[in-house]
Structure formats: structure tokens, C-alpha cells
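**Q** what follows is a predicted structure for the sequence shown.
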Amino acid sequence: MGEVYSHLSEEERRVIRIEIGNGTIICGIVLMLGRNASTVGREIKRDTWFPSNENESYRPYRPKRLKTGPWTGGCYIAGPAAAQGRPQARRTAQAPPPVMRTPVGAGSRMAGRGWSPPPVSGGPRVLFPDDSAMRVCPETVCRWIHADRHRRERWARCLPRGHGRRRRRGGGRTSRFPIPGRVPISERPPEAGDRSGFGHWEADGVIGAGCDPRTEVERKTRFLMAGIVPGKTAGESVGARLAMFSPLPAGTRVSVTHDNGTEFARHTRLRDGPGMDTCFADPYSSRRRGGNENGNGMIRRYLPERSEIRMGMAGELREIVDEADNRPMRVLDYRTPAEAFADELLELQDQQGVLHL
């Protein structure tokens, strides 16, 4: 009869955690537990947590020339390992959805370009309208990725955010530094709230080491603009934003919604200059500016936290923004934000031409 294998017990995992903390090498732990060296080694490798893994999902996109800071060491965590009990070892292999088995669905879109599940699942619907096997919802793609540990290790880092779970929504207190002339989001025009009107923007910043990019996203078309600010003052911030909005036609800059950062304290200059209405989202309610948060997340794939950002990187930032604006989106019927923005500009020009007549 062959040899009988068993999983590591909770007590054995606790011993591993203590001995690793004491600096004991794997050979010493093996002798202590009477286990095979491969069993102990795989256990330590499988359940070692690295603090730097908070940016793991950005690794496929990080340019090598960027200095993003040192990666910290890992530590073995016995609790999650014991709670899991290795159920994945007893699961039967699940066949991937057809959309994940095609180059159109997975290889060139998700892994190569970092597309999210909605365009991955929706693109083949357009290319294969008569093939019912190519119709799969984004949730099915997500569940297939996270159903197996090895599959998650391969694919989850290619997702835009790489989050293992959804985060709870919540509110909070207002800023300690009141913003002069602050208008709450409840007074925002209705056509801006339901995204039916064109020319309503969302504003935020991407914090980096050195300079900070300022981002603007048009709510209806999800069109992204960004500019690098040399400092963190409100004057420098509004100056960069005026440079982005001034070249646009009047009908494309109607209002803008900010978060409650002090860098937007001089928002009234947008009212006096381009004539834009300004308002502010509720504190700790970034979901009210979801388009802008999504745009910042796209930039973070290339410029993760702790990245050094300089004024000379304006061209590189422009390339990142162009790639984001030329990525199909499900909410736009798989058009790109650049295409949707161009269509709105043409419609605006037609309306202005009719008014002049």
C-alpha cells in the first residue's frame, strides 16, 4: 500500500510561524516537525505575505526606468493558512469560459493591456455576434479567476486594481480646513448627476514623490485629461487646471466636481475664468466621483505609489492618458472615451451652428 499523506495541522503551522520568527532555517523546522522538506517549503512559500503586494497588480505595467522604492521582506502567516485548510486541493478543475480561451478575450486584452472583465467579455460579443458561446458576463470572468489559487495568482494581478474583495462604502467627517465658497454636491445640476449632460467634469489629484498630476474626467464620456503640477499649493493646482480647460470650447466646460482636498481651495478662479460651476463631493464618498477615481486607477498602473514624478515626465503622462482614452468601455457601448468625446464635440458644433443661423 502506498504512503499516506496528510495536510499540516494548525499546531504545525503555528510552530512554523514561531520558528521563522526566531530565524530558524527550513532544515531545522523539518527536523522539528518530522515532515518532508518540500512540504514545509511549499507551505512557507504559499502563505508568506509581502507588504509590497499592495502594489502587486501594477507590476505588469510598471516601467523599468521608474524608481518605486524598495520592496520589503515577507512574513509567514499561519492563521489564514489553517483557516483555508487547502480546499483548493480537493476541487475539480473548472473549465475557463470560452472568452478566456481566445486571444481576443484573454491573452492580448487582460494580460497584455490590463483590461477589466467588462470589455474582455464584451469585445467578443461584437466580433462574434452569432456565437452564443462567446457570451459571458463580467462576473463569470471574475469568479473563474478567483475560484482557484493558482489561477488567481496568474490572472488577478492583470486586473486593473487586483482587489481581492469589495470594499465597504462609508462616510466621514468634513475637513478641518473649510474651503471658501464650497458648494455641496447636492446642488450640482441634475444633468451632471445622471450623466445626461455633456461638459461636466470630476477633479482629483494623483499623489507622487515630487510633483503631482492633476486629473480631470468628463462624466458623460469618461474622457480623461491630466497635467503635472510642480508643487502642492492651491495656486499651482488651479493654474494647471486653467491650462487644461482654457483651450476647450465653452460648451465642454460647464461644471466640475472636486473632492475636499485643500489643493482645490482656489476653485473660484474656475468660476471667474472659464465660467464653470464648482461643487464638492461629500467627505469620504469617492464613489460620487467614480469616473475620476477610475481614471486615477489607470494612471496608478504605470505610476504606482512612491513613484518619482517630475515635470519632465509630461510626455510620458500624455502617453498614459492617451492609452486610457483609447480603451473601450462597456458604459460607452464599447466605444473609447476619445471617440465619445469627439462625437459630443461634433454634436455641440452642430447645435451652435443651428443657433447662429
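**A** Received it, and whenever you're ready, just let me know what you need. Keep in mind that this is a model prediction, so the values were computed, not measured. Numbers count the residues shown, from 1 in each chain.
**Q** list the contacts for the nearest residue in space to Arg222 that is not next to it in sequence?
**A** Distances taken as Cβ to Cβ, 6 or more residues apart in numbering place Pro337 nearest to Arg222, at 4.5 Å, with adjacent residues excluded. Heads up, the C-betas are built off the backbone N, CA and C, glycines and all. By Cβ atoms under 8 Å, 6 or more residues apart in numbering, the contact set of Pro337 is Glu218, Thr221, Arg222, Phe223, Leu224, Ala324, Asp325, Asn326, Arg327, Met329.
**Q** tell me the contacts of the fifth one?
**A** Shown here is Leu224, whose contacts under the criterion Cβ under 8 Å, 6+ apart are Thr215, Glu216, Val217, Gly295, Met298, Val321, Ala324, Asp325, Pro337.
**Q** please report phi then psi for the second one.
**A** To tie it back to what came earlier, the one meant is Glu216. phi -130, psi 130 (degrees, to the nearest 10).
**Q** begin at 38, not 1, for the rest of this chat.
**A** With the count now opening at 38, the last piece we talked about shows up as Glu253.
**Q** list the ones among the contacts of Pro374 that fall in strands.
**A** Assignment to strands by DSSP state E places the following of the contacts of Pro374 there: Glu255, Leu261.
**Q** and the residue most central in space within the chain, how far from Gly327?
**A** With distances taken as Cα atoms, centre = their mean, Gly334 lies nearest the centre of the chain, 3.4 Å away. From Gly334 over to Gly327 the distance is 10 Å, taken as Cβ to Cβ, to the nearest Å.
**Q** so which elements touch the helix or strand containing Gly332?
**A** For Gly332, the enclosing helix or strand under DSSP states H and E is helix 327-339. In terms of contacts (3 or more Cβ pairs under 8 Å, 6 or more residues apart in numbering; DSSP states H and E), helix 327-339 is packed against strand 237-242, strand 249-255, strand 261-266, helix 351-362.
**Q** might you calculate how far stretch 351-368 sits from the centre of the chain?
**A** Averaging C-alpha positions (Cα atoms, centre = their mean, to the nearest Å) puts stretch 351-368 13 Å from its chain's average.
**Q** over to stretch 224-240?
**A** What separates the centre of stretch 224-240 from the centre of its chain is 23 Å, taken as Cα atoms, centre = their mean.
**Q** stretch 323-330 too?
**A** Between the mean C-alpha position of stretch 323-330 and that of its chain there is a distance of 11 Å (Cα atoms, centre = their mean).
**Q** dump it to CSV, keeping only the CA atoms.
**A** The C-alpha trace of stretch 323-330 is given here as CSV (Å, rounded to 0.1, in the frame of the first residue of the first chain):
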residue,chain,number,x,y,z
SER,A,323,-15.3,58.9,-3.6
ARG,A,324,-18.0,56.9,-5.3
ARG,A,325,-19.7,60.2,-6.1
ARG,A,326,-16.7,60.8,-8.4
GLY,A,327,-16.4,57.3,-9.7
GLY,A,328,-15.2,58.2,-13.2
ASN,A,329,-12.3,60.2,-11.8
GLU,A,330,-11.3,57.5,-9.3
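**Q** in that stretch, what's buried?
**A** Residues of stretch 323-330 classed as buried by neighbour count (16 or more other Cβ atoms under 10 Å): Arg325, Arg326, Gly328, Asn329, Glu330.
**Q** ok, stretch 341-349 next?
**A** Neighbour counts using 16+ other Cβ under 10 Å place Pro341, Ser344, Ile346 of stretch 341-349 among the buried residues.
**Q** next, the distance between the ends of that stretch.
**A** Start to finish, the residues bounding stretch 341-349 are 18 Å apart (Cα to Cα, to the nearest Å).
**Q** with stretch 58-66 instead?
**A** Stretch 58-66: ends 12 Å apart by Cα to Cα.
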